[in-house]
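# only geometry, no sequence info:
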């Protein structure tokens, strides 16, 4: 898990409620990412941010929102517009390698369940 | 050892065997590839990477092979151990600043 922390480990959401997942990194990485993983599936990109105060939508951004006010932090809000939020959420951060290639390192994940 | 010619969702091996997990990547412009290991309920863990200017790279008990002609990547694990049981994902990246593209994942089960 390196220097990437996610909290909480488990999160329960009621119908119509917005919930926020925390992601913090102390690796001094510029880029941060949010992925969603459904059972038996691969990772799908929700949002990513390459620098502070800037972020881009991924493949499945609808029903989610993010902010990047600090380099270390990239919180994800699951809004009431996301009708099927039950999943395992993974945050990652990345460092640019020589040759302009990038390795992403992942946090431990947050499992979101709907009550 | 046991290998899979095409991507299969599961691979079962005996402890001590060599394992080969295959991955077909999607974009011929991808120039950097990573293998991740994900244990149940945890985040993916970096195993090994390879750049497109290489055909082979070795780590501790693991080797990654890249065949750009057929857009194929494989992960070889020597002397597989029960602790190697996990889901293995390949990922490709075209250039820094773009998100990784992940393969479907293969579940490796190692029996004693």
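Noted; the coordinates are in hand. What you see is a predicted model, and the numbers here were worked out from it, not measured in a lab.
# Do I have it right that residue A:63 meets residue A:78?
Yes: Residue A:63 lies in contact with residue A:78 (Cβ atoms under 8 Å); the separation is 7.0 Å. In this view, the C-beta of every residue, glycine as well, is placed from N, C-alpha and C.
# These two - which one has more neighbours?
Taking other Cβ atoms under 10 Å in any protein chain shown, residue A:63 and residue A:78 do not tie; residue A:78 has more neighbours (24 against 15).
# picking up where we left off before, anything in contact with each of residue A:63 and residue A:78?
Residues touching both residue A:63 and residue A:78 (Cβ atoms under 8 Å, 6 or more residues apart in numbering or on different chains): residue A:85.
# so what's residue B:74 up against?
With Cβ under 8 Å, 6+ apart, residue B:74 has these contacts: B:3, B:20-23, B:64-65.
# make it 7 Å
B:20-23, B:65 (Cβ atoms under 7 Å, 6 or more residues apart in numbering or on different chains).
# so residue B:50 sits in a strand?
Yes: under DSSP: H, G, I helix; E, B strand; the rest coil, residue B:50 falls within a strand.
# Flag the shaky bits of chain B, pLDDT-wise.
Chain B contains residues with pLDDT under 70 at B:1-7, B:95-97.
# ok, which residues in chain A are in contact with chain B?
Residues of chain A lying near chain B by Cβ under 7 Å from any Cβ of the partner chain: A:1, A:31, A:33, A:42-43, A:45, A:48, A:50, A:58, A:90, A:96, A:99-109.
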